[in-house]
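Colleague: this one's structure only:
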């Protein structure tokens, strides 16, 4: 069974601070996605990484896929209250099958 | 383009009753997913359809859950009989076959009393 563990589980920080969320597995994935979910809504795709070692930047968010394609990280620079939400990683394999991680709940205080 | 539509948004039932959720994916999206998300956790894949065929239903509790996607468009997920532990948000997502892009609906929140 493929599992994706995220850490930390909860994170509460002040506006302007930096943070990193980790997504780890013992399984290899063909792609890795990051989503953000707000209360009462479905997850929204932020980024997809497909190559081991790949780094993608989306404004203040930096995503990295591990060289062995088993892990990933999300780094947020100068967090803002609008970044508050549940961050989910999802590993892709086979026929577009996506397994989601355990989630990291982020709260950014103004 | 219209998003993924789900209904109902909220449902409260007694244990042992039945419930059905409906999903209409984005037009042209061949792949449709049903996920179960328990409060505070990541979504768990229940079933994946490619057009009207099942690709993966390994984590669907088949003694009580069933899903169908007749005509390869909209889909229905049914629970009968419901248990307390079925209380969760049921998320539907769809994806085109040519891209790794899942678009989710807002979900259907089920409370089993």
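Modeller: Structure's in. What do you need? Small disclaimer: the values here were computed from a predicted structure and weren't measured.

Colleague: CA only for contacts and neighbour counts going forward, please
Modeller: Will do.

Colleague: Give me the longest strand you can find in chain A.
Modeller: strand A:85-93 (DSSP state E).

Colleague: what's the model's confidence in that strand, averaged?
Modeller: Averaged over strand A:85-93, pLDDT sits at 94.

Colleague: what about the least confident helix or strand in chain A by mean pLDDT and chain B, touching?
Modeller: Ranking every helix and strand in chain A by mean pLDDT, DSSP states H and E puts strand A:97-100 at the bottom, with a mean of 90. Yes - applying C-alpha under 8 Å from any C-alpha of the partner chain, one finds strand A:97-100 touching chain B at A:97, A:98, A:99, A:100.

Colleague: Which of those sits closest to chain B?
Modeller: Distance to chain B across those (C-alpha to the nearest C-alpha) is lowest for residue A:100, with 5.8 Å.

Colleague: If you count contacts, what does the lowest-mean-pLDDT helix or strand in chain B end up packed against?
Modeller: Across the helices and strands of chain B, mean pLDDT, DSSP H and E gives its lowest value to strand B:53-56, namely a mean of 92. Packing partners of strand B:53-56 (3 or more C-alpha pairs under 8 Å, 6 or more residues apart in numbering or on different chains; DSSP states H and E): strand B:44-50.

Colleague: Pull the residues that contact the strand it packs on.
Modeller: Under the contact criterion C-alpha atoms under 8 Å, 6 or more residues apart in numbering or on different chains, strand B:44-50 has outside partners A:97-100, B:30-37, B:54-60, B:67, B:69, B:72.

Colleague: In its sheet, which strands sit next to it, and in what direction?
Modeller: Strand B:44-50 sits in its sheet next to strand B:31-37 (antiparallel), strand B:53-56 (antiparallel), going by DSSP bridges.

Colleague: Could you dump these into CSV and include mean neighbour count and distance to residue B:97?
Modeller: Output for the strands paired with strand B:44-50, formatted as CSV (neighbours: other C-alpha atoms under 10 Å in any protein chain shown; distance: least, C-alpha to C-alpha, whole Å):
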stretch, mean neighbour count, distance to residue B:97
strand B:31-37, 25, 7
strand B:53-56, 16, 13
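
Colleague: Show me the strands in the chain, by range?
Modeller: All of this is about chain A. Assigned by DSSP E, chain A shows strands spanning A:5-7, A:10-14, A:19-24, A:31-37, A:44-49, A:55-58, A:61-65, A:71-76, A:85-93, A:97-100, A:104-109.

Colleague: meant chain B actually
Modeller: B:5-7, B:10-13, B:19-24, B:31-37, B:44-50, B:53-56, B:65-68, B:75-79, B:88-95, B:103-104, B:108-112.

Colleague: same for the last one, what does it pack against?
Modeller: Which is strand B:108-112. If contacts are counted by 3+ C-alpha pairs under 8 Å, 6+ apart, strand B:108-112 sits against strand B:10-13, strand B:88-95.

Colleague: for chain A, what are the nearby residues on chain B?
Modeller: So chain B meets chain A at B:40-45, B:48, B:55, B:91, B:100-107 (C-alpha under 8 Å from any C-alpha).

Colleague: what about 6 Å?
Modeller: B:41, B:42, B:43, B:104, B:105, B:106 (C-alpha under 6 Å from any C-alpha of the partner chain).

Colleague: and the residues you listed, which are buried?
Modeller: For the residues of chain B next to chain A, a neighbour count by 16 or more other C-alpha atoms under 10 Å in any protein chain shown gives the buried set as B:41, B:42, B:43, B:104, B:105, B:106.
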